[in-house]
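[1] Okay, here's the prediction I keep looking at, along with the sequence it came from:
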Amino acid sequence: MILPPYSDPFLELLALAPELFVQFSESDNLIKGVHGLGVDVDDAAQKVFVTFMLEPGYPLKSIPKSVSVTLLGEQYDIPTFTIQTPLFTFQQGNCFHQRPVRGGNCISPTGSGSLGTLGGVVISTTNERHLISSAHVLDEFGTHGIGDRISQPKSGPDFATIVKTAAPWTTPANSKCDAGIAEVYDPDIGDPENITDTIDGIGKQGNPASPVKDMKVKKSGATTLVKSSVIEKISQTINCEGHTFNDVFITKESISAKGDSGALVVGPNNVIVGIVIGGNGEKTVACSIMNVIDALQLQGWTWQLP
């Protein structure tokens with residue numbers, strides 16, 4: 001039976017994608033080299049595909065020509081498509097001192113040798129300023145925790161404390177994002193100009209929006225500065241250095257390198273659509289900002305300073 005795009009069975013297939021990834025990459029049906037899987041649509045042909053991401057060096061013939069699934073009580077054989085692309089890795093790196101701190105520059109857990117990118121600012125319902133970045137930049141995969149301090153740069157003064165992170169290594173039930181926030185010190189005892197809502201090379205950050213396939217996007221990172229591409233795939237499941245992420249999106253070309261993790265991915269009018277998780281030199285993977293808002297409970301927070 002042919003699966004109509006965007007139908008109810010199609011939506012159920014999207015929800016099943018993480019289970020299919022486990023089936024083909026981690027179970028007894030292991031296909032060596034598979035490190036990502038998603039559901040894609042050829043809009044012109046009105047066809048649905050299950051797309052496999054296969055590490056170079058592994059044979060394409062190891063991927064089945066179709067995947068058989070039961071959706072809403074009906075059996076469907078979904079054709080497959082394979083992309084050979086390197087493994088995704090997390091991307092921490094180097095930076096320089098900056099005040100006031102702007103999105104796109106570097107941050108580090110105080111006293112750490114690890115560096116990543118400050119994405120931007122988000123303001124709580126009680127008007128406290130927080131920086132937002134990827135969780136692995138703030139906590140070094142659980143090495144640091146709530147209350148630990150963040151510096152800019154590694155050798156500079158600390159200016160924020162970790163408030164909350166959401167990632168597979170901190171909350172196993174959460175597999176849709178790698179993100180965290182740290183509260184910038186109270187202006188009464190610190191510098192009220194320690195952080196702005198401007199992203200280096202991009203401008204004033206916008207409000208959150210959902211990522212959309214073929215959307216033009218860009219990011220400003222501590223290593224590669226401003227780079228742009230388009231969103232090639234959404235709702236993907238990928239493995240990044242042993243951690244599985246669901247419902248992430250991938251850019252057509254790489255817009256990041258080591259040190260760019262945590263950068264905000266923005267679309268038209270600088271709307272915020274995601275946070276960079278990592279990349280593989282060919283593509284960049286990011287979590288949806290909507291999943292970040294849910295995981296960090298940022299509903300009602302604002303993304304621009306008065």
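    Sure, I can see it.
[2] Output the longest strand seen in the chain as PDB, nothing but the C-alphas.
    In the chain, taking DSSP state E as the definition, the longest strand is strand 225-240. Taking C-alpha atoms only, strand 225-240 is exported to PDB below (Å, rounded to 0.1, in the frame of the first residue of the first chain):
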ATOM      1  CA  LEU A 225      31.600  33.000  12.700                       C
ATOM      2  CA  VAL A 226      28.600  33.500  10.400                       C
ATOM      3  CA  LYS A 227      27.700  30.700   8.000                       C
ATOM      4  CA  SER A 228      24.500  29.900   6.200                       C
ATOM      5  CA  SER A 229      22.700  27.100   4.500                       C
ATOM      6  CA  VAL A 230      19.100  25.700   4.200                       C
ATOM      7  CA  ILE A 231      17.300  23.100   6.400                       C
ATOM      8  CA  GLU A 232      17.600  19.900   4.400                       C
ATOM      9  CA  LYS A 233      15.800  17.500   6.800                       C
ATOM     10  CA  ILE A 234      13.500  17.900   9.800                       C
ATOM     11  CA  SER A 235      12.200  15.300  12.400                       C
ATOM     12  CA  GLN A 236      15.400  13.200  12.100                       C
ATOM     13  CA  THR A 237      16.900  10.700  14.600                       C
ATOM     14  CA  ILE A 238      20.700  10.700  14.800                       C
ATOM     15  CA  ASN A 239      23.500   9.300  17.000                       C
ATOM     16  CA  CYS A 240      26.100  11.800  18.100                       C
END
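[3] So what's the predicted local confidence for the residue nearest to Lys283 when sequence neighbours are not counted?
    Ranked by Cβ to Cβ, 6 or more residues apart in numbering and with sequence neighbours excluded, the top spatial neighbour of Lys283 is Ile250, at 5.2 Å. The C-beta positions use only the backbone N, C-alpha and C, and glycine is treated the same way. What the model reports as pLDDT for Ile250 is 97.
[4] go on, Tyr6?
    Reported pLDDT at Tyr6 in the predicted model: 90.
[5] Let me know the secondary structure of it.
    Here Tyr6 is recorded as coil under DSSP: H, G, I helix; E, B strand; the rest coil.
[6] State the distance from it to Val34.
    Per Cβ to Cβ, to the nearest Å, Tyr6 is found 26 Å from Val34.
[7] wait, what's in contact with the residue nearest to Ile234 when sequence neighbours are not counted?
    Using Cβ to Cβ, 6+ apart and skipping the chain neighbours, the partner closest in space to Ile234 is Phe249 (4.5 Å). Phe249 is in contact with Pro211, Ile231, Lys233, Ile234, Ser235, Gln236, Val273, Gly274, Val285, Ala286, Cys287, Ser288, counting by Cβ atoms under 8 Å, 6 or more residues apart in numbering.
[8] now Ile199
    Arg102, Gly103, Gly104, Gly120, Gln205, Ser220, Leu264, Val266, Asn270.
[9] List the beta-bridge partners for it.
    Judged by DSSP bridges, the bridge partners of Ile199 are Gly103, Gly203.
[10] okay, it: pLDDT?
    For Ile199, the predicted pLDDT is 95.
[11] What's the per-residue pLDDT of the nearest residue to Ile107 once chain neighbours are set aside here?
    Ranked by Cβ to Cβ, 6+ apart and with sequence neighbours excluded, the top spatial neighbour of Ile107 is Leu118, at 4.6 Å. pLDDT, Leu118: 95.
[12] before we move on, what about Leu30?
    So, for Leu30, pLDDT stands at 55.
[13] what's the answer for Ser155, then?
    62.
[14] is it fair to say the residue nearest to Lys283 lies in a helix?
    No. Assigned with three-state DSSP, Ile250 falls outside any helix and is strand.
[15] That one contacts Cys287, correct?
    No. Using Cβ atoms under 8 Å, Ile250 is not in contact with Cys287, being 11.1 Å away.
[16] Compare neighbour counts for the two and give me the winner.
    Cys287 (29 against 26; other Cβ atoms under 10 Å).
[17] Assign a three-state SS to the closest residue to that one other than its chain neighbours, would you?
    Distances taken as Cβ to Cβ, 6+ apart place Cys177 nearest to Cys287, at 3.9 Å, with adjacent residues excluded. Secondary structure state of Cys177, per three-state DSSP, is coil.
[18] does Cys177 really touch Met290, like I thought?
    No. Counting by Cβ under 8 Å, Met290 is not a contact partner of Cys177; they are 9.4 Å apart.
[19] For those two, indicate the residue with more neighbours.
    With neighbours defined as other Cβ under 10 Å, Cys177 and Met290 compare such that Cys177 has more, 31 against 18.
[20] what are the phi and psi values for the more buried one?
    phi -160, psi 170 (degrees, to the nearest 10).
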